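Visitor: Would you be able to build a 3D model of this:
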Amino acid sequence: MNAPATETRKFEAEVAQVLHLVTHSLYSHKEIFLRELISNASDACDKLRFESIANPALSAGDSELHIDVSWDPDARTVTVRDNGIGMNRDEIVANIGTIASSGTRRFLEAMSGEQKADARLIGQFGVGFYSAFVVADKVTVLSRRADAPAGEGVKWESDGKGEYSLDQVELPERGTAVILHLKADEDEFLKRWQLRSLITRYSDHVAFPIRMPTEKDDKPTDEFETINAASALWTKPKSEISDEDYQSFYKSLGHDFNDALAWTHNRVEGSQSFTTLLYLPSQPPFDLMMGGRDERKGLKLYIKRVFIMDAAEELLPNYLRFVRGVVDADDLPLNVSREILQHNRQLERIKAACVKRVLDLIEKLARDEPEKFATFYKAFGNTLKEGISEDANNRERIAKLLRFASTKGEGTAQNVSLDDYIGRMAIGQDAIWYITADSYAAAFGSPQLEAFKAKGIEVLLMSDRIDEWMIGSLSEYEGKKLKSAAKGDVPLDEADKKKQEEATREAEPLLKKLKELLGDRVGEVKVSARLTDSPSCLALSDYEMAPHLARLLREAGQDMPESKPTLEINPAHALVKRVETESDEAKAKDLATLLLEQAEISAGAQLPDPAAFVQRMNRVLLG
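Guide: Below is the predicted model:
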């Protein structure tokens, strides 16, 4: 059943919210609208060029793809027109009126709290079209899909205040025109030089000609001239590309106002030829940790300069999803589909080359530009850690790039590498010791480290949420085992072993008493080789999950198996001695339970009954 020729619809609630955010918060970056509309027009031309491979009739009669930017000072309009794929009625509704094809919901989630709408976000979430309403009080879209007859053109119009209208119109040419009816105070965008300077700044390396009318007596003429480079930057020799060119291309590619941190540009010749231009951003995009793999759009895949798809999953693994750039292959079949790409051996080789280039670039930063590397690691270190589990082939290379806080580091700074640690290891030490916690303070202050600090053994302090999961895949580095200071046995020399055995024999009655007082709340009570100052701590088996991670997973709705902790005590501590000498069973049970609960708190576990803990603490303090 055909849709009516004319109708009025309301925007979905999320779109209305985005319009409000954009129009009220981007006043300092108003010119962003032109970059975004040109980017959309370029995508439309790319899509037509790709679809025309299988169906040449789509571009018949008008095969020279281009983007026209014009202005009309009398009508007070700016128009961005392309002769790309165009849209039909349903596509316009899906792409503009709803959230079906855009990231508006995630955009709104990123803008929650007290954050202001940031120009860096526009485009990353597919909401770039709405930036038109920053400078326009009405926007008209005229579009006709390349495979539709002239009588099935669509006119979309809205003032951005909650509703839009749809009309069926006659459009002799395919493609899309976006007409901005400028607000009263936006005269600067009715000047040719201003529009041209913005195009040069943000869109010079768009691979299609961007044309503007010439000017005579401050009025546009009917004659058009190309004003951008209109060439694929990555196809040029590196010697002909300046740093400014690279940065300009990055900003148009990555929808980013900030400069890229670093980049690598390479051409591979041989049985399989391809070009890669890969960038490291200086700041993470707001959607880095949001959305699934299908939503990542870090790299663009071209085949012989024909755009194929945003294909980050096929070209880079998930842990490198922050990388932006392009890959242009010479010898992949032009009619590839996403399914073919996922099982294409040639693409696997390109992917391996991309991973190598990115890791080479990060290693170069770490070696030659430590300040830039620190910026990179602050932004993307946690994402990089995912590669320890995901990329077994490059695990050693990734591990070399990781940085941690340490008991011998500089405060909370994550600047100690595994190589740094090995270089400082004492003679005879055969393991890299670490501890995980949910904060730096909790890790540094853990009672489980007391013996290590006393012996001068360095311990890496891992306090990022991903660390406990990551370390499960990093059992050794450069032949050295990684061991948790909170798990298993503490390294002891012969003299220490004898002292430990003697202390355990002497404390047997106390250990038995504590086990009886604590009952099922503990699996075992032992004399600790870890403690020098604190009365108690928890000890975990080698394969047991850290309490703070178990707590986080439970809070996330995961079913976690219940385990009974092992309580380690320091028999020399006054609080432990008080339990030993306490004859009142109720008081002794309170003291014993507090020993367990303070150990659980230090380890990041969640107390089963916080109110009972408070009451117990009050009884002990008053008793």
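
Visitor: Outline the domain layout of this protein.
Guide: 6-226, 233-368, 405-484, 494-622 (automatic domain parsing).

Visitor: Could you export the ones you listed as a markdown table, including mean neighbour count, mean pLDDT and distance to Ser389?
Guide: To be clear about C-beta, it is placed using only N, CA and C from the backbone, and glycine gets the same treatment. Converted to a markdown table, the domains of the chain look like this (neighbours: other Cβ atoms under 10 Å; pLDDT from 0 to 100; distance: least, Cβ to Cβ, whole Å):
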| stretch | mean neighbour count | mean pLDDT | distance to Ser389 |
| --- | --- | --- | --- |
| domain 6-226 | 18 | 82 | 25 |
| domain 233-368 | 17 | 81 | 8 |
| domain 405-484 | 18 | 92 | 4 |
| domain 494-622 | 16 | 88 | 14 |
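
Visitor: Save those domains as TSV, and put in distance to Leu384 too.
Guide: Output for the domains of the chain, formatted as TSV (distance: least, Cβ to Cβ, whole Å):
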stretch	distance to Leu384
domain 6-226	20
domain 233-368	6
domain 405-484	10
domain 494-622	19
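
Visitor: what's the closest of those to Asn394?
Guide: domain 233-368 (6.3 Å; Cβ to Cβ).

Visitor: Quick one: distance of that closest one to the chain centre.
Guide: The chain centre lies 16 Å from the centre of domain 233-368; the measure is Cα atoms, centre = their mean, to the nearest Å.

Visitor: so Asp82 makes contact with Arg174?
Guide: No. The criterion here is Cβ atoms under 8 Å, and Asp82 misses it with Arg174 at 9.5 Å.

Visitor: In which helix or strand does the residue nearest to Phe373 when sequence neighbours are not counted reside?
Guide: With Cβ to Cβ, 6 or more residues apart in numbering as the criterion, Phe373 has its nearest non-adjacent residue at 4.1 Å, and that residue is Leu365. Taking DSSP states H and E as the definition, Leu365 sits inside helix 345-368.

Visitor: CA atoms of that helix as PDB?
Guide: Extracted in PDB, the C-alpha atoms of helix 345-368 (Å, rounded to 0.1, in the frame of the first residue of the first chain):
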ATOM      1  CA  ARG A 345      42.000 -14.900   3.100                       C
ATOM      2  CA  GLN A 346      43.400 -11.900   1.300                       C
ATOM      3  CA  LEU A 347      41.600  -9.700   3.800                       C
ATOM      4  CA  GLU A 348      43.000 -11.700   6.700                       C
ATOM      5  CA  ARG A 349      46.500 -10.800   5.400                       C
ATOM      6  CA  ILE A 350      45.500  -7.100   5.200                       C
ATOM      7  CA  LYS A 351      44.100  -7.300   8.700                       C
ATOM      8  CA  ALA A 352      47.400  -8.800  10.000                       C
ATOM      9  CA  ALA A 353      49.300  -6.000   8.200                       C
ATOM     10  CA  CYS A 354      47.100  -3.400   9.800                       C
ATOM     11  CA  VAL A 355      47.600  -4.800  13.300                       C
ATOM     12  CA  LYS A 356      51.400  -4.900  12.700                       C
ATOM     13  CA  ARG A 357      51.400  -1.300  11.500                       C
ATOM     14  CA  VAL A 358      49.400  -0.100  14.500                       C
ATOM     15  CA  LEU A 359      51.500  -1.900  17.000                       C
ATOM     16  CA  ASP A 360      54.600  -0.600  15.300                       C
ATOM     17  CA  LEU A 361      53.300   2.900  15.600                       C
ATOM     18  CA  ILE A 362      52.500   2.600  19.300                       C
ATOM     19  CA  GLU A 363      55.900   1.000  20.000                       C
ATOM     20  CA  LYS A 364      57.500   3.900  18.200                       C
ATOM     21  CA  LEU A 365      55.700   6.400  20.400                       C
ATOM     22  CA  ALA A 366      56.700   4.400  23.500                       C
ATOM     23  CA  ARG A 367      60.400   4.400  22.400                       C
ATOM     24  CA  ASP A 368      60.800   7.900  20.900                       C
END
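
Visitor: That helix - contacts with which helices or strands?
Guide: Here helix 345-368 touches strand 260-268, strand 274-281, helix 312-315, strand 324-329, helix 370-390, helix 395-401, going by 3 or more Cβ pairs under 8 Å, 6 or more residues apart in numbering; DSSP states H and E.

Visitor: Need these in CSV (columns: distance to Pro237).
Guide: Output for these, formatted as CSV (distance: least, Cβ to Cβ, whole Å):
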stretch, distance to Pro237
strand 260-268, 9
strand 274-281, 11
helix 312-315, 23
strand 324-329, 14
helix 370-390, 25
helix 395-401, 29
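
Visitor: Are we agreed that Glu7 is in a strand?
Guide: Yes. In this structure, Glu7 lies within a strand as judged by DSSP: H, G, I helix; E, B strand; the rest coil.

Visitor: In this structure it contacts Gln168, no?
Guide: No. The criterion here is Cβ under 8 Å, and Glu7 misses it with Gln168 at 9.8 Å.

Visitor: ok so, going back, what about the helices and strands packed on helix 345-368, which gets the closest to Gln448?
Guide: Short answer: helix 370-390, nearest of the helices and strands packed on helix 345-368 by Cβ to Cβ, at 22.4 Å.

Visitor: sorry, back to before: with respect to Thr214, which of the helices and strands packed on helix 345-368 lies nearest?
Guide: strand 324-329 (32.0 Å).

Visitor: between that closest one and strand 260-268, how big is the angle?
Guide: Angle of strand 324-329 versus strand 260-268, following axes from the mean of the first three to the mean of the last three Cα atoms, to 10 degrees, is 10 degrees.

Visitor: Which strands or helices does strand 324-329 pack on?
Guide: Strand 324-329 packs on helix 243-254, strand 274-281, strand 299-303, helix 345-368, going by 3+ Cβ pairs under 8 Å, 6+ apart.

Visitor: Turn these into CSV, including distance to Pro447.
Guide: Formatted as CSV, the helices and strands packed on strand 324-329 follow (distance: least, Cβ to Cβ, whole Å):
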stretch, distance to Pro447
helix 243-254, 46
strand 274-281, 40
strand 299-303, 47
helix 345-368, 34
